[in-house]
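Participant: here's a sequence, model it:
(chains A, B, C, D, E and F)
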Protein chains: 6
Amino acid sequence: MQYLKWEDGNEYDGSQINPSWAFQEFGVKDSTIVSWLGPMNILGKNLIDYEDVGLDIKGNMMLNFIVEHFDEQPGSLRLAYHRQRMLVMITRDKLLDYGIKTTQDGDDIFINNKKLSVSIATASISSMKMHFALNITVDGTPEDVETSALEDNGMTIEQIHQLQDSIAETYIETIETIEKDIVKTKVF
Amino acid sequence: MQYLKWEDGNEYDGSQINPSWAFQEFGVKDSTIVSWLGPMNILGKNLIDYEDVGLDIKGNMMLNFIVEHFDEQPGSLRLAYHRQRMLVMITRDKLLDYGIKTTQDGDDIFINNKKLSVSIATASISSMKMHFALNITVDGTPEDVETSALEDNGMTIEQIHQLQDSIAETYIETIETIEKDIVKTKVF
Amino acid sequence: MQYLKWEDGNEYDGSQINPSWAFQEFGVKDSTIVSWLGPMNILGKNLIDYEDVGLDIKGNMMLNFIVEHFDEQPGSLRLAYHRQRMLVMITRDKLLDYGIKTTQDGDDIFINNKKLSVSIATASISSMKMHFALNITVDGTPEDVETSALEDNGMTIEQIHQLQDSIAETYIETIETIEKDIVKTKVF
Amino acid sequence: MQYLKWEDGNEYDGSQINPSWAFQEFGVKDSTIVSWLGPMNILGKNLIDYEDVGLDIKGNMMLNFIVEHFDEQPGSLRLAYHRQRMLVMITRDKLLDYGIKTTQDGDDIFINNKKLSVSIATASISSMKMHFALNITVDGTPEDVETSALEDNGMTIEQIHQLQDSIAETYIETIETIEKDIVKTKVF
Amino acid sequence: MQYLKWEDGNEYDGSQINPSWAFQEFGVKDSTIVSWLGPMNILGKNLIDYEDVGLDIKGNMMLNFIVEHFDEQPGSLRLAYHRQRMLVMITRDKLLDYGIKTTQDGDDIFINNKKLSVSIATASISSMKMHFALNITVDGTPEDVETSALEDNGMTIEQIHQLQDSIAETYIETIETIEKDIVKTKVF
Amino acid sequence: MQYLKWEDGNEYDGSQINPSWAFQEFGVKDSTIVSWLGPMNILGKNLIDYEDVGLDIKGNMMLNFIVEHFDEQPGSLRLAYHRQRMLVMITRDKLLDYGIKTTQDGDDIFINNKKLSVSIATASISSMKMHFALNITVDGTPEDVETSALEDNGMTIEQIHQLQDSIAETYIETIETIEKDIVKTKVF
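Facilitator: So this is what the prediction gives:
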């Protein structure tokens, strides 16, 4: 599994959730976690969450992660959502290092009951994918939802870049230790 | 999925990791998380972790959890270890409510680099199982490992019982929200 | 798994077989069996059975069932068809209570060699789906097939509503007892 | 899938549920349904149903079926129990041809609330297995259960042999039509 | 699994890789290997290999194979590619009978470092598919790739028809012996 | 996936086919192909092939391979046998480099109709395993089978060590290119 950075400033329009997007963008033939800072504005046709139909899913500046796993064939939506929950919990743990305490409801992270993150997982027959993004500013986030953001909680862009690496690396490490634990396990 | 309590004082000897143990003990035909306070002393023949062969895996008083899932048929060791990691991360988050900061390495929890927990996951064709336990005291823990314990970090037995419920309930809720998220998801 | 009723009179045009249709219609985040009395007229683009391409699949008044299962991830077409066969056999057993003897060929039910039912199963990566419908009248059924109907065999609308509940409830119960049997089973 | 007859008079002691038993007995490298008339007396070590521990599972003369499927790799206990339910429902349908009306609870068949059958399914990593047996006489059936039998309901041994073939052949045909339906199905 | 011949001269335009194509063309409800001699000219919308986007995938006369498997539900892309590699290796072994020595890189066959074959595998929820084709002449093959062909290496059309049968039959036999080996195997 | 060498001279007694043997022997937490030159003498209790019960499976000097894969969870016996066939075909291809022409029947390799190899695959819930071995001499091979050997066909021990590396490396490469091909594939 590889950690790739997409150039900051790129927009997440939802098409990056498509299977094999990272291969088409980067030519990498592996499971990947791709991350960048940039705006989000999901086009209706790219919506994955049937609950979000008709809603604006956007923000002017977000810390984005796109994860794709090819290890389990065919892809399992259940496993995808377990991995998404792990990514969310890793992020919450890392935010503590910056003095940011959060709460969690499903796959959403909150600071003082204000929504900090968006996330979805999905799957195709070939891979499991997820998108996970944290507000860097509240600018451009939907008006009908109370939102929070990393900058408003005192994080600098430099710290956000540190956080970005730290989340991606710990996520990969978590997946790798799971694979190693499988090998040492007696089964029935 | 049901949360069951086994009577405090019962010993974890490793046989409780066997498939359908909770059905045989409680008669419950469902996925379960069973919890109790009691000693741990794993018999050699019940060892699941090939890395622990020849080691003492024990403690005089621990907060034990045994989880069994029947949803995925056949059981997947990979999914079992993802769920174990989620249980570990939920526990670490709950410990913050008692002022206890921890670190994590694989599936182990540490307080000030001292080992607080033991855990294993396994699977059979019918179910996925895990055992997860936290030291309540360091008494009776292996001498060749530096260990920490809940009581030494200021928790009372009453608080440990609260923690116990809180971990079990949040774990079940996490599994349930994942199942609900699957339903609302567009796939490729 | 939940039993939902869609308002009688709604038309089955084939789009209801799409994944997560019940969530989009009812907002329910669960496996479901949805039932209603109404016409069927499957649009060409919604055809699931390659054998039916170019054929009329219709009837003026039918007892419809749409089943969706999210338990097995990813969805298995093989399991979907096993469940469809169970639904067909449950229905045949229930019809005996109304004095209606039937025969079966594949997934089709016949009364005196006249076709009483239509059915298909399908799957996506997220769920297993099936549609199953019984003619209430032969009006509007394809002219090139000899068809039979519940009303022509003496059933009143009230009895058909009883039958409807009875089929749905027994189907759900069958799935539930299977899940319970898994828990009590020793495996190799 | 092949239909094999084991010599009448052989005893079902539970060991026939082991994986690849039919290969070891008949040398056949295929999925099989094996059937014979004979006594049943399950040895404790061969018990598959944890609910039956300590109970007598026996009868002096039964119509036995042992089914083994190798098509799904690895074997799924969920699919095994679906197939078992189909076998039970096929049997109930066939009994109507001999004027025997039955009811069903889980995987048990009853005549006038008296238990006619026993059954279990199980799985290993290589195959799905089930045992299903109908009392021919009530002699030797457990004393603490009210039982019914085929002979007491007017069936001759000749008719039971006809029933035996009819059940086995319809079961195989059902599995085969499911496999064919998969091929003609459009998926999402 | 059945071996079918499509009429020589038919063009492979990529649409034959769609799920259930063989059922729609031949009405056969089974796993199939379909073969024919004819041109290849893959339309952009039918491209399966993201690496080939924008490239010409064509040839004036090729020995084509389309394989579809319905045995594993849902279809696994990993298993599809293992079967594709087996088909490639079977072909290389058969070519030795005609004095043609080849080398292999991934799923490509070479004669003297000149590319002889094209191939892709894919999957849907219902089946695993692959296309595999050998150049009969180099006419019409892409100009930016050095290609080789069966006729240029001395094979007559009659021999190519023999080769065609031999590859298809050995492939089916290999799949069948694997299924038989499963039955005779003790598992853990 | 890692290639490991076990010290030449070690005996294959069948216990090396057990799940996680390579982890227990080498401490490696990964999929592995382990190879060594040494005698084979399979103890009855370690027999995996029900067809071999009661037979001698032995040889005084063999080129042994033990492969274990943890990528697919749970392990699939069908995939295990596909990989075994690939290993057999890779070996046959490599033998051509030493002027040795072979034929194949199932998973057996023959030189002039004399059996050169033995092989089995198996699986547990955690992994897929196979053993594959080639006779270096015919000494100690079963008397009731006509056998061939690498030395009798002109290979030196040095060449056999080259062959050993070449088979293991090409096998790993084949698995790796399959994983890469999955990433570049458009699915339905």
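
Participant: residues from chain A in reach of chain F?
Facilitator: A:19-20, A:23, A:28-30, A:70-73, A:124-126, A:179-188 (C-beta under 8 Å from any C-beta of the partner chain). Backbone N, C-alpha and C define where each C-beta goes, glycine included.

Participant: near chain C, from the residues you listed?
Facilitator: Here is what survives when the residues of chain A next to chain F are matched to chain C using C-beta under 8 Å from any C-beta: A:124-125, A:188.

Participant: for these, which entry has the maximal number of neighbours?
Facilitator: Most neighbours among those, by other C-beta atoms under 10 Å in any protein chain shown: residue A:125, with 28 neighbours.

Participant: tell me the contacts of it?
Facilitator: Contacts for residue A:125 (C-beta atoms under 8 Å, 6 or more residues apart in numbering or on different chains) come out as A:74-75, B:188, C:74, C:125, E:74-75, E:77, E:123-125, F:187-188.

Participant: list the helices and strands the longest helix anywhere in chain A packs on?
Facilitator: Longest helix in chain A by number of residues (criterion: DSSP state H): helix A:157-183. When contacts are defined as 3 or more C-beta pairs under 8 Å, 6 or more residues apart in numbering or on different chains; DSSP states H and E, helix A:157-183 packs onto strand A:2-5, strand A:32-41, strand A:58-69, helix A:77-96, helix B:77-96.

Participant: out of the ones you listed, which is closest to residue C:98?
Facilitator: The closest of these to residue C:98 is helix A:77-96. By C-beta to C-beta, the value is 40.6 Å.

Participant: helix or strand right after that closest one?
Facilitator: strand A:103-105 (DSSP states H and E).

Participant: the residue nearest to the spatial centre of chain A is in what secondary structure piece?
Facilitator: Centrality entry for chain A: nearest residue to the mean C-alpha point is residue A:132, 2.2 Å, by C-alpha atoms, centre = their mean. For residue A:132, the host element (DSSP H and E) is strand A:128-135.

Participant: so which elements touch that strand?
Facilitator: Checking 3+ C-beta pairs under 8 Å, 6+ apart, strand A:128-135 ends up next to strand A:58-69, helix A:77-96, strand A:117-123.

Participant: state the pLDDT value of residue A:44.
Facilitator: Looking at residue A:44, its pLDDT is 88.

Participant: which phi and psi does it have?
Facilitator: The phi/psi pair for residue A:44 (degrees, to the nearest 10) reads phi -50, psi -40.

Participant: what sits closest to it if chain neighbours are left out?
Facilitator: residue A:53 (7.8 Å; C-beta to C-beta, 6 or more residues apart in numbering or on different chains).

Participant: again, but for residue A:164
Facilitator: residue A:35 (5.3 Å).

Participant: in the sheet, which residues pair with the one you found? Tell me.
Facilitator: Beta-bridge pairing for residue A:35 (DSSP bridges): residue A:5, residue A:65.

Participant: does it really touch residue A:161, like I thought?
Facilitator: No: using C-beta atoms under 8 Å as the test, residue A:35 is too far from residue A:161 to be in contact (9.6 Å).

Participant: the strand holding residue A:132 pairs with which strands, parallel or anti?
Facilitator: Strand A:128-135 has its sheet partners listed here by DSSP bridges as strand A:58-69 (antiparallel), strand A:117-123 (antiparallel).

Participant: compare the ones you listed and give me the one nearest residue A:105.
Facilitator: Nearest to residue A:105, of these and by C-beta to C-beta, is strand A:117-123 at 10.6 Å.

Participant: alpha carbons only: can I get that closest one in PDB?
Facilitator: Provided in PDB are the C-alpha atoms of strand A:117-123 (Å, rounded to 0.1, in the frame of the first residue of the first chain):
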ATOM      1  CA  SER A 117     -15.600  15.900   8.600                       C
ATOM      2  CA  VAL A 118     -17.400  14.300   5.700                       C
ATOM      3  CA  SER A 119     -16.900  10.700   4.600                       C
ATOM      4  CA  ILE A 120     -18.200   7.900   2.500                       C
ATOM      5  CA  ALA A 121     -17.100   4.400   1.500                       C
ATOM      6  CA  THR A 122     -18.100   2.400  -1.500                       C
ATOM      7  CA  ALA A 123     -17.000  -0.700  -3.400                       C
END
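
Participant: I'd like the average pLDDT over it.
Facilitator: Strand A:117-123 carries an average pLDDT of 98.

Participant: name the residues that touch that strand?
Facilitator: So strand A:117-123 is in contact with A:17, A:40, A:48-49, A:57, A:59, A:62, A:74-77, A:80-81, A:83-84, A:87-88, A:91, A:107-109, A:128-135, B:181, B:185-188, C:74, C:125-126, going by C-beta under 8 Å, 6+ apart.

Participant: coming back round to it: more crowded one of residue A:35 and residue A:161?
Facilitator: Neighbour count, other C-beta under 10 Å: between residue A:35 and residue A:161, residue A:35 has more, with 23 against 16.

Participant: which residues does that one contact?
Facilitator: A:3-6, A:63-66, A:164, A:167-168.

Participant: that one and residue D:114, how far apart?
Facilitator: Distance of residue A:35 to residue D:114, given as C-beta to C-beta, to the nearest Å: 67 Å.

Participant: ditto for residue A:127
Facilitator: Distance, residue A:127 to residue D:114, using C-beta to C-beta: 54 Å.

Participant: compare neighbour counts for the two and give me the winner.
Facilitator: Shown here are residue A:127 and residue D:114; by other C-beta under 10 Å, residue A:127 has more neighbours (31 against 17).

Participant: let me see the contact set for that one.
Facilitator: Residue A:127 makes contact with A:19-20, A:68-70, A:75, according to C-beta under 8 Å, 6+ apart.

Participant: would you list the residues you listed in JSON lines and tack on neighbour count?
Facilitator: What follows is those, written out as JSON lines (neighbours: other C-beta atoms under 10 Å in any protein chain shown):
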{"residue": "A:19", "neighbour count": "24"}
{"residue": "A:20", "neighbour count": "21"}
{"residue": "A:68", "neighbour count": "28"}
{"residue": "A:69", "neighbour count": "20"}
{"residue": "A:70", "neighbour count": "24"}
{"residue": "A:75", "neighbour count": "29"}
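
Participant: tell me, how many residues neighbour the closest residue to chain C within chain A?
Facilitator: Across chain A, no residue is closer to chain C than residue A:78, which sits at 4.0 Å (C-beta to the nearest C-beta). For residue A:78, the count of nearby residues is 28 (other C-beta under 10 Å).

Participant: pLDDT score for it?
Facilitator: On the pLDDT scale, residue A:78 is placed at 98.

Participant: thanks again, I'm all set now.
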